[in-house]
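*Asks:* Here's my sequence, what's the structure:
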Amino acid sequence: MVIVATDAGSSKKAYKYSEFFKCPIALVDKRREANDDRAIASTIIGDVTNKNAIIFDDEIDTAGSMIETVKVLQKFGAKNIYAGCTHGVLSGPAIERIKNSGIKEMVITNTIPVPEEKRIDNITVLSIAPLFAEVIKRINEERTIGEICEL
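*Replies:* Purely as a prediction, here's the structure:
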């Protein structure tokens, strides 16, 4: 298994996950094309060959950056690709891109409601309600919430 940072900006978060799971990290190298705001992923720093790759991101809107990352992982021989994000905006071509991407499973939370038509086979939606309930309970009991938010 290898944790994959989608770009240099997400490397700190990916490093924390790699420490938690006790596995290596890989970093995707992205470049901006000309004056276009679109990022093109070209190579990867780290070994993903024949490993299950896990990508974490804070938000997936159109899934463009995620798919660029997936393409690089496939190019460099990742075995299975899993992804997760906190906020699944899933606008425009996102669902079609994810469906056709080769991502084995994408796990997102329901911080943004995910309508039934966007709940395709390789997307798993997790409820954040139990986490919010635990936080509210701890606040009411004047207990710390820090220990449930360490990662």
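
*Asks:* rest of the way, CA atoms for contacts and neighbours
*Replies:* Will do.

*Asks:* how about the helices in this protein?
*Replies:* Ranges of helices within the chain are 11-21, 64-75, 94-99, 129-140, based on DSSP state H.

*Asks:* Nearest to Val28, out of these?
*Replies:* helix 64-75 (6.7 Å; C-alpha to C-alpha).

*Asks:* Spatially central residue in this structure, please.
*Replies:* Among the residues of the chain, the one closest to the centroid is Phe56, at 2.6 Å (C-alpha atoms, centre = their mean).

*Asks:* Gly84 is in contact with that one, correct?
*Replies:* Yes: at 4.8 Å, Phe56 and Gly84 qualify as touching, with contact defined as C-alpha atoms under 8 Å.

*Asks:* returning to what we had before: any idea which of the helices of the chain is most buried?
*Replies:* helix 64-75 (a mean of 20; mean count of other C-alpha atoms under 10 Å).

*Asks:* same for it, what does it pack against?
*Replies:* Secondary structure elements in contact with helix 64-75, counted by 3 or more C-alpha pairs under 8 Å, 6 or more residues apart in numbering; DSSP states H and E, are strand 39-45, helix 94-99.

*Asks:* contact partners of that helix?
*Replies:* Outside helix 64-75, the residues that touch it by C-alpha atoms under 8 Å, 6 or more residues apart in numbering are 6, 28, 39-44, 48, 53, 60, 81, 94, 97-98, 101-103.

*Asks:* before we move on, what about stretch 3-19?
*Replies:* 2, 23-30, 53-57, 65-66, 69, 151.

*Asks:* Report the separation between the two terminal residues of that stretch.
*Replies:* Start-to-end span of stretch 3-19 (C-alpha to C-alpha, to the nearest Å) is 10 Å.

*Asks:* How far off centre is that stretch?
*Replies:* Put simply, stretch 3-19 sits 10 Å off its chain's centre (C-alpha atoms, centre = their mean, to the nearest Å).
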